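1. sequence plus the predicted model coming up.
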Amino acid sequence: MDRDVDASSAFYHEDTFVPPYLMRHYWWAYVHPRGVKIFDRGWLINLILLGNYKRLVRAALAEFEDKPLGHILQLACVYGNLTPKLAKRVSDGGGSLDVTDVLPIQLRNLKWKLPARTPARLLRMDSTALDLPAAGYDTVLLFFLLHEQPEEVRQKTVAEALRVVKPGGRLIFVDYGKPFWWNPLRYLLAPFLAVLEPFALSLMATPLASRLPQSMAVRQTSYFGGLYQKVVTIKPD
């Protein structure tokens with residue numbers, strides 16, 4: 001059952017199901033309150049993304065310039081200022097924004113960052129089993145989510161994103177990609193990702209477009225020598 005951020009009895013309790021992979025690999029960054037305070041800092045996020053955070057936020061927001069924007073869904077909260085910027089753009093574009101996350105602490109953290117009277121609903125639910133109607137959104141955004149999920153979870157998340165987007169609607173992915181052969185980070189970064197982001201390498205090894213139905217046309221843009229990618233696709237009518 002989806003529960004929005006205003007339902008305090010659901011939102012402020014932490015005794016909710018957390019996927020085992022999140023507790024095992026990311027408790028220190030996303031689940032523990034101290035981790036949230038430490039990592040939700042612009043300069044640190046930019047450092048982790050090797051100076052590319054603002055560039056990647058701009059790349060995501062560039063897809064939200066046409067009006068009206070309609071009904072937008074962002075899967076998973078993200079650190080930094082992406083969502084407040086997206087919420088403003090959606091509001092100016094006459095649309096609405098829903099943001100889902102499985103962790104109450106992440107939804108609470110995002111609520112504090114959003115301006116008052118922001119037209120956004122914050123919903124606690126798992127990206128692999130969205131309690132949302134089929135074909136209900138004009139655009140679904142996944143910003144640096146898939147690289148944090150095991151392959152089987154990743155497949156379910158993509159399937160759910162496809163289910164809830166309208167025919168003719170868009171899916172937008174911004175995440176890690178496979179560095180070009182000449183990019184030294186292809187070799188230098190792998191040991192660090194294997195420890196800190198254990199599922200990122202499997203995402204980088206397989207083209208993101210291959211996880212989508214072949215009937216879907218894909219527009220892909222690479223950044224920083226291929227280390228990051230934006231993939232935009234439209235669900236067939």
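-> On my side now, so go ahead. Because the structure is predicted, anything quoted here is derived from the model rather than measured.

2. per-residue pLDDT, residue 213?
-> Residue 213 carries a pLDDT value of 91.

3. who are the contact partners of it?
-> 162, 236 (CB atoms under 8 Å, 6 or more residues apart in numbering). (C-beta placed from N, C-alpha, C; glycine too.)

4. that one should be in a strand, yeah?
-> No - assigned with DSSP: H, G, I helix; E, B strand; the rest coil, residue 213 falls outside any strand and is coil.

5. measure it to residue 162 for me?
-> Note on residue 213: its distance to residue 162, by CB to CB, to the nearest Å, is 8 Å.

6. what's the answer for residue 90, then?
-> 21 Å.

7. go on, residue 78?
-> From residue 78 to residue 162 the distance is 21 Å (CB to CB).

8. ok, these two, which is more surrounded?
-> residue 78 (24 against 19; other CB atoms under 10 Å).

9. now the element after whichever strand or helix holds residue 55, going C-ward?
-> Applying DSSP states H and E as the criterion places residue 55 in helix 53-61. Next helix or strand after helix 53-61 toward the C-terminus (DSSP H and E): strand 71-75.

10. let me see the mean pLDDT of that next one.
-> Mean per-residue pLDDT for strand 71-75: 98.

11. each with direction, which strands does it pair with?
-> strand 96-101 (parallel), strand 137-143 (parallel) (DSSP bridges).

12. the inter-axis angle of the longest strand seen in the chain versus strand 137-143?
-> Using DSSP state E to define each element, the chain has its longest strand at strand 165-176. Angle, strand 165-176 to strand 137-143, by axes from the mean of the first three to the mean of the last three CA atoms, to 10 degrees: 10 degrees.
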